[in-house]
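Asks: missing the sequence, but the structure's below:
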DNA sequence: GCATTAGGATAGAGCCACTATCCAAGCCCT
DNA sequence: AGGGCTTGGATAGTGGCTCTATCCTAATGC
């Protein structure tokens, strides 16, 4: 198929496809001659992945490029998942410098929950965030961390159990990224609802 | 004090302060004459609130304007909290049209958890999000919702209990917005860590 | 034979939160 | 009283990002 058909099948505008080609997100088609190129089903799949990562998950071009490169370089799936998680996580962490050694409170959480003991981006992000909270004078008690981490352990248990390993790497990325995103959002929204409920109760009691 | 001193005290550039004045986020100072105006401690407080909402919480100008207007119009605190929550929540929900009646699965969660039965933005957001997940063919089992909501109920319990009601409305907004944001982020990061841990375990088992 | 289309290159749009430049009016200091 | 400096207001520009529109030439297909 040619560009126009690729556009129609995927619902992505021809101009955007050209943009993705320019940015190196989408591999060039097989050039038939100077003004035509042929695209395959692989291109459709890849394009849909790109589109979902942009529109649903909200990744930027640079992040998508990085992940696709890893996939194309044949990185191990667990590494790929870690990379996907890192960028999905990056979305709303207002770049915390993360330099310092600090408290390493995340390590305590990991031990407490008996999670596998490997340093990761998630762990660094957690440490950085705990330091941010500290610098803002927002107390984080051991009890709170215990409650939160227990809750997230439960959530992740249900969560991971519900996913099955897909065949193609593109599909792995798609399900992982979209899954992480929508589950994170779900948790956030439930938290908001729970907080609102508790706040209402409290205001009723106080009044 | 004049603009320059206001800038020095708050650490916000004079140009940005002018911008906030133009945008109506910061009330104009008392004009002494055609080229001078005097600012008060109220201005410092307000400016710090604006700055925190921008830099820490990541709200945009429009959202901040809305919240400040409510505060200045003397809206009830619970309404104010709801508004703050709405915008903090808005941050990463890729505008889900929310139009349809749909499944109203959030109502079931509310009943299940015994939360106060008032429709809210959080509830609409949850319903919209559940519909989105449905449309993406991502299953949300009752068990999953139960686990998630139970976890968030626990989290919110610890969370709300730890906050004390501040005196000024500006302070209320500040602590509420920053608190919601950093706690949400904390939950998200713990979730990421938990998911990574579970994923590692699973890959080890599978391999 | 000739309108139509592909693909590549390049430029422009639109958004957002600033940031920089001007300018006249006014202050302080000598 | 004169002159350099600051103030507040208006206006325009910047930078990052993701597209989107316009051109152009080569090729297609009826």
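Replies: Yes, it's here. No experiment lies behind these values; they were computed from the predicted model shown.
Asks: Contact partners for the closest residue to residue A:6 other than its chain neighbours?
Replies: If you skip the residues right next to it in sequence, residue A:6 has residue A:39 as its closest partner in space, 4.7 Å away by C-beta to C-beta, 6 or more residues apart in numbering or on different chains. C-betas here are computed from N, CA, C, even on glycine. With C-beta atoms under 8 Å, 6 or more residues apart in numbering or on different chains as the criterion, the residues that contact residue A:39 are A:1-3, A:5-6, A:29.
Asks: Make sure residue A:32 is indeed in a strand.
Replies: Yes: the assignment for residue A:32, made by DSSP: H, G, I helix; E, B strand; the rest coil, places it in a strand.
Asks: which non-adjacent residue is nearest it?
Replies: residue A:38 (5.8 Å).
Asks: That neighbour: neighbouring residues, count only.
Replies: Here the number of neighbours of residue A:38 (other C-beta atoms under 10 Å in any protein chain shown) works out to 14.
Asks: Now do the residue nearest to residue A:6 against DNA strand C, distance only.
Replies: 7 Å (C-beta to the nearest atom of the strand, to the nearest Å).
Asks: three-state assignment of the residue in chain A that chain B sits nearest to?
Replies: When C-beta to the nearest C-beta is the measure, chain A has its nearest residue to chain B at residue A:151, with 3.2 Å between them. Assigned by three-state DSSP, the conformation of residue A:151 is helix.
Asks: State the distance from the residue nearest to residue A:6 to residue B:159.
Replies: Shown here: residue A:39 relative to residue B:159, a distance of 50 Å by C-beta to C-beta, to the nearest Å.
Asks: Residue A:8 now?
Replies: In this view, residue A:8 and residue B:159 are 49 Å apart by C-beta to C-beta.
Asks: tell me the contacts of the closest residue to the residue of chain A closest to chain B other than its chain neighbours?
Replies: In this structure, residue A:151 finds its nearest non-sequential neighbour in residue B:151, 3.2 Å apart by C-beta to C-beta, 6+ apart. Residues near residue B:151 by C-beta under 8 Å, 6+ apart: A:150-152, A:154-155, A:187.
Asks: Save those residues as CSV, and put in distance to DNA strand C and pLDDT too.
Replies: CSV is the format used below for the contacts of residue B:151 (distance: C-beta to the nearest atom of the strand, whole Å; pLDDT from 0 to 100):
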residue, distance to DNA strand C, pLDDT
A:150, 36, 91
A:151, 32, 88
A:152, 31, 90
A:154, 36, 88
A:155, 32, 86
A:187, 25, 89
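Asks: Of those residues, which is the nearest to residue B:113?
Replies: Top of the list for closeness to residue B:113, among these and by C-beta to C-beta, is residue A:151 at 13.4 Å.
Asks: The spatially most central residue of chain A: helix or strand, and which one exactly?
Replies: Computing the C-alpha centroid of chain A and ranking residues by C-alpha atoms, centre = their mean puts residue A:88 first, at 2.3 Å. Following DSSP states H and E, the helix or strand that holds residue A:88 is helix A:77-90.
Asks: Does anything pack onto that helix? Which helices or strands?
Replies: In terms of contact count using 3 or more C-beta pairs under 8 Å, 6 or more residues apart in numbering or on different chains; DSSP states H and E, helix A:77-90 is assigned the packing partners helix A:61-72, helix A:121-135, helix A:169-206, helix B:169-206.
Asks: Could you list every helix and strand that the first one packs against?
Replies: Judged by 3+ C-beta pairs under 8 Å, 6+ apart, the packing partners of helix A:61-72 are helix A:41-52, helix A:77-90, helix A:169-206.
Asks: what sits up against the shortest one?
Replies: Spelled out, that is helix A:41-52. By C-beta under 8 Å, 6+ apart, the residues outside helix A:41-52 that reach it are A:6, A:9-12, A:17, A:20, A:25-27, A:29, A:64, A:68, A:168, A:170, A:173-174, A:177-178.
Asks: can you confirm residue A:37 is in a strand?
Replies: Yes: secondary structure of residue A:37, determined by three-state DSSP: located in a strand.
Asks: who touches it in this structure?
Replies: A:2-3, A:28-31.
Asks: Relative to residue B:108, which of the helices and strands packed on helix A:61-72 is closest?
Replies: Ranking the helices and strands packed on helix A:61-72 by their distance to residue B:108 (criterion: C-beta to C-beta) puts helix A:169-206 first, at 12.1 Å.
Asks: angle of that closest one against helix A:41-52?
Replies: Here the directions of helix A:169-206 and helix A:41-52 differ by 20 degrees (axes from the mean of the first three to the mean of the last three C-alpha atoms, to 10 degrees).
Asks: Does chain B have contacts with helix A:169-206?
Replies: Yes: contact of helix A:169-206 with chain B (C-beta under 8 Å from any C-beta of the partner chain) involves A:178-180, A:182-204, A:206.
Asks: Without its sequence neighbours, what residue ends up closest to the residue nearest to the centre of chain A?
Replies: residue A:180 (4.8 Å).
Asks: Distance of that neighbour relative to residue B:196?
Replies: 10 Å.
Asks: about what we covered before: who's more crowded, residue A:8 and residue B:159?
Replies: Looking at residue A:8 and residue B:159 with other C-beta under 10 Å, you find the greater number of neighbours at residue B:159, namely 23 against 11.
Asks: Is that one in contact with residue A:195, as I believe?
Replies: Yes: contact between residue B:159 and residue A:195 holds when scored by C-beta atoms under 8 Å: they sit 6.5 Å apart.
Asks: ok, now which ones touch residue A:203?
Replies: Contact partners of residue A:203, counting by C-beta under 8 Å, 6+ apart, are B:77-78.
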